[in-house]
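Asks: Sharing a model prediction with you, sequence too.
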2 protein chains.
Amino acid sequence: MDVTIYQVAERAGVSIATVSRALRGTGPVSAKTREKVLKAVQELRFTPSRLGVSLAEGRHAANGIVFPNLSGPYYTEVLLGYEEVASELGRSVVILSTKGRPNVREAIKELAGRVDGLVVFGSTAPDDLVAELVATGMPLVFISREPMSGADTLRSENVESARRLACHLQGHGYARFAFLGAPHQPGDDISQRWEGVSAVLKDAVEPVLTAEYTVDSGYEAALKLLRGRTRPQALICSDDEVALGALLAAEELGLAVPDDLAVTGWDDIMAARHARPALTTIRQPMRELGARAARALDELIGGVRATSAHQTLATELVIRKSCGEHPQEDPK
Amino acid sequence: MDVTIYQVAERAGVSIATVSRALRGTGPVSAKTREKVLKAVQELRFTPSRLGVSLAEGRHAANGIVFPNLSGPYYTEVLLGYEEVASELGRSVVILSTKGRPNVREAIKELAGRVDGLVVFGSTAPDDLVAELVATGMPLVFISREPMSGADTLRSENVESARRLACHLQGHGYARFAFLGAPHQPGDDISQRWEGVSAVLKDAVEPVLTAEYTVDSGYEAALKLLRGRTRPQALICSDDEVALGALLAAEELGLAVPDDLAVTGWDDIMAARHARPALTTIRQPMRELGARAARALDELIGGVRATSAHQTLATELVIRKSCGEHPQEDPK
DNA sequence: CGCCGGAGTGTAAGCGCTTACACCACCGGA
DNA sequence: TCCGGTGGTGTAAGCGCTTACACTCCGGCG
């Protein structure tokens, strides 16, 4: 910007303190003076410098968020919910995508330096960096990470949801299952999903790795798997994108879904509804996740705790065509 | 943050000027002194305050971007390309979504106050606000807005692409068309697409309004249209989401796509590929759009113009199943 | 032997605000 | 009439940096 509070003060014939008070409504200012100030502000098109304000106030009035990428709808939706609430609370949001970035540590620290608090997706920051951040005392919310002290955590429910899904598939009468997902770390969403699925299906389910959580890697993995001798009857995919890839693979191999093969996803992204057959999947409240993160951060920053430090949000099983035609209702 | 340059200076037994010089590499510092400073920095875990640096340097090292929402993949992809390049250039990105926000003007001004430059999607800011922003002299890049002076503009090609699509459909032998799109303003993407389509198809195409650019409104509009007496043979949709809605409507009415009805989209979002029939559509280089915006802004801020102030990016016609089985090749 | 110039460092003036504190009227009550 | 308040305002001290400028050594040169 250009025009400063000094110019306004001079034009209005008052001191800068008075201008500040008139503008922010702190402290008493006579009606006449206020008017003069406002007039000068108008004429000069004065906007207080954010930098000056922040430096003096000692706060950025901004929040950060760190996510791996935005290609799928998952992070996007969370981000959207986050931005909406953050800006309701008067905070701008600064984003950082770590995908394909060489210097994640630096970038995250840099980001931390320009915000009052940070939301971090579990998968994006290595443990030691997390510890370092926590040590600084900065308000922090982690999404999909194991509860820890020194920071809030937030995630949607996985284990029980996975159980429900597995039971539902069992109800269809399938006996051989595969679980398609990239290598996962202890405590992340995927490993929780696996935990739920394998608890129900026991030996009947086999874990299969994919390279990533993308359509292409889902396609590759499914292709390989389905060409094998003992083809599973149902593919439980760790997310919708992998499932879409599996659908593509099945199509290519001439397998009918769901008659020859059932496929399920996770997240209920947009394409899940439009795929044919439409994907049976588990809907995560992604927007809500973002919104809660923003609120939790705000409380952390403000120092008033109204909500719990560690939240788990409920999910919903969305039954469409890809798991079979006549589902018997979920037994449990 | 907590520890300041003064503490570092004291611990290292030097002045703050020397600390600053040692850290930034401006001005001469003896090896011994540098070492002392770095040691103190380590021990104290000092990180320069972004606010202090910015205030002194007179720059934010941050860019803003204003978009309507993130629900579709279009803005998301642009954002992603933007963030990637911006951060390569050493700039953070601050986002602002205008969807459903009451005080857009204030929000945009506030955003403008915390960045060095702004990317704005054409549809989000009213003309007078645009003028106001331009008047401030702030570096500005508008996406999908008519070229103007005082700011860069960037968009992907529409008119010729629309022509190509229309010709392709004509090649299928269709004679009655409808163009599905929300009310558009002069100069925006949709009106350019309509321009291209109607230039080729003339009276054979009828414009049909949708409430928004969403699956639901596409569905509604298509349902109404397809129930009418003279059903069009091909639906040219203004974007993929509308087209997906149209697909749903056709399915509900028992119309086979593409045998009974051809449908096309625009953007080539993820779901376009996975819909069945897969959508014929026009692929925009969304990521590239964002990347270019970031670079243009950087040049604007730096004052070095390497690229043109007004760019138009080429698109690609992606032919899939939804427009018909045996396309004769595009005549033009 | 006196000077010049450059390396190395410190001092202090900003950058644009907020706000504690001091100050000055002026009013009403004793 | 005097005094304690209080509304209204200015002064100045930060907030955490960067950097122009001044200063001090020293080595090298004439």
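Replies: Right, received. Where do you want to start? Numbering: from 1, shown residues only, chains lettered A, B, ... in the order given.

Asks: Quick one: residues contacting the nearest residue to A:Thr280 once chain neighbours are set aside.
Replies: Once flanking residues are discounted, A:Thr280 sits nearest to A:Cys323: 3.9 Å by Cβ to Cβ, 6 or more residues apart in numbering or on different chains. All C-beta spots, glycine's among them, are computed from the backbone N, C-alpha and C. By Cβ atoms under 8 Å, 6 or more residues apart in numbering or on different chains, A:Cys323 lies in contact with A:168-169, A:172, A:234, A:258, A:262-264, A:280.

Asks: Which ones among the residues you listed map onto strands?
Replies: Of those, the ones assigned to strands by DSSP state E are A:234, A:262-264.

Asks: ok, so of the residues you listed, who is nearest chain B?
Replies: The closest of the ones in strands among the contacts of A:Cys323 to chain B turns out to be A:Val263 (Cβ to the nearest Cβ; 12.2 Å).

Asks: where's the residue lying farthest from the centre of chain A relative to A:Leu23, distance?
Replies: Within chain A, A:Gly13 marks the point farthest from the mean C-alpha position, 50.7 Å out by Cα atoms, centre = their mean. Relative to A:Leu23, A:Gly13 is positioned 16 Å away (Cβ to Cβ, to the nearest Å).

Asks: related to what we said a few turns ago, so the residue farthest from the centre of chain A sits right up against A:Val37, yeah?
Replies: No: between A:Gly13 and A:Val37 there is no contact under Cβ atoms under 8 Å: 9.4 Å.

Asks: Surely A:Leu247 and A:Val263 touch.
Replies: Yes: assessed by Cβ under 8 Å, A:Leu247 is found in contact with A:Val263 at 5.8 Å.

Asks: and for these two, which residues touch both?
Replies: A:257, A:279, A:322.

Asks: who wins for neighbours among those?
Replies: Comparing the shared contacts of A:Leu247 and A:Val263 on neighbour count, A:Leu279 comes out first with 31 neighbours (neighbours: other Cβ atoms under 10 Å in any protein chain shown).

Asks: need the contact list for that one.
Replies: For A:Leu279, the contacting residues are A:240, A:243-244, A:247, A:263-265, A:268, A:272-273, A:320, A:322, by Cβ under 8 Å, 6+ apart.

Asks: which one is it nearest to, not counting chain neighbours?
Replies: A:Ala272 (4.0 Å).

Asks: Make sure the one you found is indeed in a helix.
Replies: Yes: with DSSP: H, G, I helix; E, B strand; the rest coil as the criterion, A:Ala272 is part of a helix.

Asks: Could you count how many residues lie near it?
Replies: Using other Cβ under 10 Å, A:Ala272 is surrounded by 27 other residues.

Asks: again with the one 3 residues further on
Replies: The burial count assigned to A:Ala275 is 27, neighbours taken as other Cβ under 10 Å.

Asks: Which positions within stretch A:260-275 qualify as buried?
Replies: By neighbour count with 16 or more other Cβ atoms under 10 Å in any protein chain shown, stretch A:260-275 contains the buried residues A:261-275.

Asks: pLDDT averaged over the strand or helix carrying A:Arg287, what's the number?
Replies: Here A:Arg287 sits within helix A:286-302, counting by DSSP states H and E. Average pLDDT, helix A:286-302: 94.
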